[in-house]
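S.K.: task: produce atomic coordinates for the following.
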Amino acid sequence: MTKTLLVIDDAMIIREIIKDAVTEAGWTVVGEATDGQEGILRYSELKPDAVTLDLVMPNYDGLHALRGIRALDGQARVCVVSALDQRNVLKEAFRQGAADFIVKPFDKATLVETLEQLVSPPQTTAT
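M.R.: Take a look at the predicted model:
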């Protein structure tokens, strides 16, 4: 079964780069959003396996989206993809439930690897 992704970023070029990278790796991009509020709505409609989320967007930012998505689904797998280099905002994103963080500009292979780890079931060790 193919893995699904929602891409939330106000920059079209970043959305295209993410879509290209994950599509080449066998993922299906089920939706896109350009701000946090739209991202929450798209998440509730689509229920993707994972989300990439920019933190700095107009109107409703990534922290707004993260809070809304996690309120809808406490198990949502959200990877922050942002150029933001502010520790306080990043710490808040992790407090709000972000699973991982990738700094823009990013390597496509790193993005795909991070998303794969996000949706993989936890490894258990035999005792």
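
S.K.: tell me the spacing between Gly97 and Asp54.
M.R.: 16 Å (Cβ to Cβ, to the nearest Å). No exception for glycine: its C-beta is placed from N, CA and C like everyone else's.

S.K.: pick out whichever of those two has more residues nearby.
M.R.: Asp54 (27 against 17; other Cβ atoms under 10 Å).

S.K.: run a quick neighbour tally on the residue nearest to that one when sequence neighbours are not counted.
M.R.: For Asp54, ignoring the flanking residues on the chain, the nearest one in space by Cβ to Cβ, 6 or more residues apart in numbering is Asp9 at 4.1 Å. Using other Cβ under 10 Å, Asp9 is surrounded by 26 other residues.

S.K.: what's the worst-scoring helix or strand of the chain on mean pLDDT in contact with?
M.R.: One helix or strand of the chain scores below all others by mean pLDDT, DSSP states H and E: helix 87-95, with a mean of 86. If you take Cβ atoms under 8 Å, 6 or more residues apart in numbering as the criterion, helix 87-95 is touched by Leu55, Gly62, Leu63, Leu66, Val80, Leu84, Phe101.

S.K.: repeat for stretch 6-23
M.R.: Residues outside stretch 6-23 that contact it (Cβ under 8 Å, 6+ apart) are 5, 29-36, 38-39, 42-43, 46, 48, 50-54, 56-58, 62, 65, 81, 104, 108, 111-112, 115.

S.K.: buried ones in it?
M.R.: Of the residues in stretch 6-23, those with enough neighbours to count as buried (16 or more other Cβ atoms under 10 Å) are Leu6, Val7, Ile8, Asp9, Asp10, Ile14, Arg15, Ile17, Ile18, Lys19, Ala21, Val22.

S.K.: over to stretch 94-109?
M.R.: Buried positions in stretch 94-109, judged by neighbour count with 16+ other Cβ under 10 Å: Gln96, Gly97, Ala98, Ala99, Asp100, Phe101, Ile102, Phe106.

S.K.: kindly check the end-to-end length of that stretch for me.
M.R.: Stretch 94-109 has an end-to-end distance of 23 Å (Cα to Cα, to the nearest Å).
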